[in-house]
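Visitor: Sharing a model prediction with you, sequence too.
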Amino acid sequence: MAKPFLFDVVNALYNGVMDHAPKSLQERSMFSALALGYVGNYLLTRGIQKTSEMFMSEEFNKKHLPLIEEVCIYLTIGAPLLYMMIDSNGMQELIQEHPTYVSGMLGAGLGAITAAQNDIKGKKSLENKFDIC
């Protein structure tokens, strides 16, 4: 099997952190990959959102960014499912040969979805507070 998507980058980041992590975390590679993927992508997504608030127009952040975030949520969920439907043997092989990688990518997807959902809900909640009609 060929290397998974972004394997070298993900592997370098994971090993860079895990080389300095306590031994108890190093022994739990799948949990550590899940947690690192979640926290890393959550912080990356929040950073992009904050950067957008600083540099993009208010109209973009209220109207367009939530739409982009929702599309990204659906793609984050749909891409692995589509791959599984197209090449179920490839998905099974990926899970068996690279379980830590899969765990980290699952965490990364969940982190991005959580950050995007929080941003979308926060904007809708804020709109409802000031909605007079």
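Guide: Okay, I see it.

Visitor: List the buried residues for the lengthiest helix in the chain?
Guide: Counting by DSSP state H, the longest helix found in the chain is helix 99-129. Residues of helix 99-129 classed as buried: 100-116, 119-120, 123 (neighbour count, 16 or more other C-beta atoms under 10 Å). Where C-beta positions appear, they are placed from N, C-alpha and C, glycine not excepted.

Visitor: Show me what that helix is packed up against.
Guide: In terms of contacts (3 or more C-beta pairs under 8 Å, 6 or more residues apart in numbering; DSSP states H and E), helix 99-129 is packed against helix 7-18, helix 29-55, helix 65-86, helix 88-97.

Visitor: Any idea which of these gets closest to residue 1?
Guide: helix 88-97 (5.2 Å; C-beta to C-beta).

Visitor: for stretch 42-49, which positions count as buried?
Guide: 42, 45, 46, 48, 49.

Visitor: low pLDDT regions in the protein?
Guide: 126-133 (pLDDT under 70).

Visitor: Could you pull up the residues touching the closest residue to residue 17 other than its chain neighbours?
Guide: Sequence neighbours aside, residue 36 is the residue nearest to residue 17 in space, at 5.9 Å (criterion: C-beta to C-beta, 6 or more residues apart in numbering). Applying C-beta atoms under 8 Å, 6 or more residues apart in numbering, we find residue 36 in contact with 13, 14, 17, 18, 104, 107.
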